[in-house]
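Visitor: From the sequence below, what's the structure:
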Amino acid sequence: MKQENIPWELIISKFKQEISEKDDARLMSWAERPECRSVMEDLNVVWKRVQEKTSDYTPDKEYYCCLLYTSPSPRD
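Guide: The predicted structure is shown next:
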C-alpha cells in the first residue's frame, strides 16, 4: 500500500479521540478494505503499546512558558 493512500490525519484524530462522526465514517470505510484493515490493526496495536508505556509517565523536569518582550530600540 502506498503511504499517500493512508489517511493519517483521520487516524491521528481517531487515536486522539478528536474525530467527528463524518470523519470516523470515512476512516471506517477506508479500513473496511482488506489491505487497509491490517494497517489499521497494526497501528492500533502500536498506539495501545504507546499508551501503556506512557500512562504513568511523570516528567523529571518542570517546564513553564515565559513570554519574553523586548521593546524596539532606536539603535536597531
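Visitor: where's residue 35 relative to residue 5, distance?
Guide: The spacing between residue 35 and residue 5, counted by CB to CB, to the nearest Å, is 9 Å. Every residue, glycine included, has its C-beta placed from N, CA and C.
Visitor: more neighbours, the two?
Guide: Using other CB atoms under 10 Å, the more surrounded residue of residue 35 and residue 5 is residue 5, with 11 against 8.
Visitor: buried sites along the longest helix belonging to the chain?
Guide: The residue-count maximum for a helix in the chain (DSSP state H) belongs to helix 34-54. By neighbour count on 16 or more other CB atoms under 10 Å, the buried set for helix 34-54 is 36, 39-40, 43.
Visitor: and what of stretch 51-68?
Guide: Buried residues in stretch 51-68 (16+ other CB under 10 Å): none.
Visitor: Extract the C-alpha set from that stretch and format it as CSV.
Guide: Taking C-alpha atoms only, stretch 51-68 is exported to CSV below (Å, rounded to 0.1, in the frame of the first residue of the first chain):
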residue,chain,number,x,y,z
GLN,A,51,-0.4,4.4,25.8
GLU,A,52,0.6,1.5,28.2
LYS,A,53,4.2,2.7,28.3
THR,A,54,3.3,6.4,28.9
SER,A,55,0.2,6.1,31.1
ASP,A,56,2.1,6.6,34.3
TYR,A,57,4.9,8.8,32.9
THR,A,58,5.9,11.7,35.2
PRO,A,59,8.4,14.2,33.7
ASP,A,60,11.6,14.6,35.6
LYS,A,61,11.8,18.3,34.8
GLU,A,62,9.4,21.2,35.3
TYR,A,63,8.7,23.4,32.3
TYR,A,64,6.9,26.6,32.2
CYS,A,65,6.0,29.1,29.4
CYS,A,66,7.5,32.5,29.5
LEU,A,67,6.8,35.4,27.2
LEU,A,68,9.9,37.5,26.6
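Visitor: Having no further points to raise, I will conclude here.
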